[in-house]
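Student: generate a structure from the sequence data that follows.
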Amino acid sequence: MRDSVVLLKCKEGAMQVTIEQIQQAVANWSIEVTPAGASKIDSFADCLHPGTTVNVTFLPGSDPMDTVAVSERLHNEGMNPVPHLAARSLRDSDQLDALLAAYTSRAGVNEVLVIGGGVDQPVGAFADSMQVLETGLIQRHGIQNIGVAGHPEGSPDISKSEIAEALAAKNALAKRDGLNMYIETQFCFEADIVLAWERDVRAAGNQLPIRIGVPGPATIKTLFRFAQISGIGPSMRFISKQARNVAKLMTVQSPHLLLADLAAGMVADQDCLIQHMHFYPFGGFAKTAAYASAIANGDIRMLPKGGFDVTHTAA
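Tutor: Predicted coordinates for the structure are as follows:
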């Protein structure tokens, strides 16, 4: 099984990808949880291997102390919590300072994800993630590992030129302050779009490593709902085509083709900056964790028409 390969048809031509290459692409995967979702999980240790990176969301209108509490719980259960800092949902620098103090003292946080946040109007002093980064407060609390948002399909809220300028500024800040900064993207469905975006931002000067957002196995109906909420352009059209077949709405869609194609692209381009996969557990946290873990363990078999099947999903 370990020597099995599958022929993938990409824009660059046909390429072979092995189980080992897919396994390597998914190694050190991370996953996301909301405070509401965390309340339904009896034990993270039952779902995850020790040290797994778990992002904790800070959703619009929510209490940021809920994010602190979940981060503390993850830390106590042996995981690496990565809380979101949503710029447009923060009141001011004092609140940011207090949150960072809570994250580091209570949850041992050494990594955060700084995002703009999905609100139309800022609730306080920060209009975008760059303003949060430029306070220097994250660094003063000893946090050097910082994720920033990436948009392979663009954003309904930010123009392409603004996204490009922001990414250039973040690269400059990371270099100036010696930060371990990386890009973490919105969830995607099509590898060609992701790989083309990576090449484009690299050509424009990006040097930050990249984690690609991957939707975990979920029904087409569920994926369609999240795609609508996120407004993710080409991927929305991709999933819409499948959602039109009412009979298949409850069919579980696996990201195996996306992962296999991304792995092939990473192998074909040795300068590719994609390093990890970040899973969005739309079909359930435990199920997604078991799925990602199985792939990272190499518990998959290649399919002749492309992609793969997971053969074992014990977390």
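Student: in the stretch 51-200 of the chain, mark out all the strands, start to finish.
Tutor: Taking DSSP state E, counting those that start in this stretch to define them, one finds strands in the stretch 51-200 of the chain at 53-56, 80-86, 111-115, 145-150, 180-187.
Student: off-centre distance for the first one?
Tutor: Centroid separation for strand 53-56 versus its chain: 10 Å, with CA atoms, centre = their mean, to the nearest Å.
Student: who are the packing partners of it?
Tutor: strand 30-33, helix 64-76, strand 80-86 (3 or more CB pairs under 8 Å, 6 or more residues apart in numbering; DSSP states H and E). (Each C-beta comes from the backbone N, C-alpha and C, glycine too.)
Student: I'd like to know which of those is closest to residue 190.
Tutor: Residue 190 sits nearest to strand 30-33 of all those, at 20.3 Å, using CB to CB.
Student: mean confidence for that closest one?
Tutor: The average pLDDT for strand 30-33 rounds to 98.
Student: what helices or strands is that strand leaning on?
Tutor: strand 53-56, strand 274-280, helix 285-296.
Student: let's see that strand as CSV, backbone CA atoms only.
Tutor: Once non-C-alpha atoms are left out, strand 30-33 reads as follows in CSV (Å, rounded to 0.1, in the frame of the first residue of the first chain):
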residue,chain,number,x,y,z
SER,A,30,-4.3,21.7,13.0
ILE,A,31,-8.1,22.0,13.7
GLU,A,32,-10.6,24.6,14.8
VAL,A,33,-13.2,24.8,17.6
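Student: so which bits of it are buried?
Tutor: For strand 30-33, a neighbour-count test (16 or more other CB atoms under 10 Å) marks 30-33 as buried.
Student: of those, closest to residue 56?
Tutor: Set against residue 56, the nearest of the buried residues of strand 30-33 by CB to CB is residue 33 (6.0 Å).
Student: any idea how far that closest one is from residue 72?
Tutor: Distance, residue 33 to residue 72, by CB to CB, to the nearest Å: 13 Å.
Student: so what's residue 16 bridging to?
Tutor: Bridge pairing for residue 16 (DSSP bridges) gives the partners residue 7.
Student: that one - how many residues pack around it?
Tutor: Applying other CB atoms under 10 Å, we find 12 residues neighbouring residue 16.
Student: again with the one 5 residues further on
Tutor: Residue 21: 17 surrounding residues under other CB under 10 Å.
Student: surely it and residue 264 touch.
Tutor: Yes: here residue 21 lies in contact with residue 264, judged by CB atoms under 8 Å, at a distance of 7.5 Å.
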